[in-house]
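Engineer: structure for the following, please:
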Amino acid sequence: MPQLPQRIWSDEDWKQIQLGYASRDMDEKWDVFTEGEVVFLHRSWTGNGVFSATFAPVEGGGWRIASAVFERDAKRYRGTDDAYDCVMLELVISAIVLGQPASDLRSKLVESTRRKPGSADALANLIQLIPGAA
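Structural biologist: Residues are numbered from 1 along each chain as shown. Sure, this is the predicted structure:
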């Protein structure tokens, strides 16, 4: 990923991220699990891996994403915008795994979809994607 989230997650956040997240019903879009210091984000319906992010400890405490990759096979994931995917990665971890409001990230994601042709469909999918966004 050429762009990475700049956020530093606390040690407590990292412990919770390591627990992952399993979708509980058909309306939830993401499953998240961790192996070592790598966090994997998969689409819940298909099981397709979309993101993997390698976390590293930060001097003085906390964790950050040191590197990440995302799916670019259009048959598995339709994302093509690096900036959008950077925000989406951070948003899924923050809002879904950690249960944080992440209002600023939601706003960034909505704004990035408004700048693209065909964004009405993307915005509708976004609202379904993130709990509490409606």
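Engineer: please make it C-alpha for all contacts and neighbour counts, starting now.
Structural biologist: OK.
Engineer: could I get the full set of helices for the chain?
Structural biologist: For the chain, the helices defined by DSSP state H cover 11-19, 82-91, 103-114, 119-129.
Engineer: who wins for proximity to Met26 among those?
Structural biologist: Judged by C-alpha to C-alpha, the one of the helices of the chain that comes nearest to Met26 is helix 119-129, at 11.0 Å.
Engineer: low pLDDT regions in this structure?
Structural biologist: 1, 72-80, 114-134 (pLDDT under 70).
Engineer: report the central residue of it.
Structural biologist: Most central in the chain under C-alpha atoms, centre = their mean is Leu89, positioned 2.5 Å from the mean C-alpha point.
Engineer: is it correct that that one is in contact with Phe51?
Structural biologist: Yes: look at Leu89 against Phe51 with C-alpha atoms under 8 Å: they come within range, at 7.1 Å.
Engineer: before we move on, the earlier item: residues contacting the residue nearest to the centre of the chain?
Structural biologist: 5, 51 (C-alpha atoms under 8 Å, 6 or more residues apart in numbering).
Engineer: please report the distance of it from Ala83.
Structural biologist: 10 Å (C-alpha to C-alpha, to the nearest Å).
Engineer: quick check on the spatially closest residue to Arg64 that is not a sequence neighbour: phi, psi?
Structural biologist: Leaving aside its chain neighbours, Arg64 sits nearest to Ile8 (4.8 Å; criterion: C-alpha to C-alpha, 6 or more residues apart in numbering). Note on Ile8: its backbone torsions stand at phi -110, psi 120 [degrees, to the nearest 10].
Engineer: burial count for Ile8?
Structural biologist: 17 (other C-alpha atoms under 10 Å).
Engineer: Arg64 too?
Structural biologist: Using other C-alpha under 10 Å, Arg64 is surrounded by 20 other residues.
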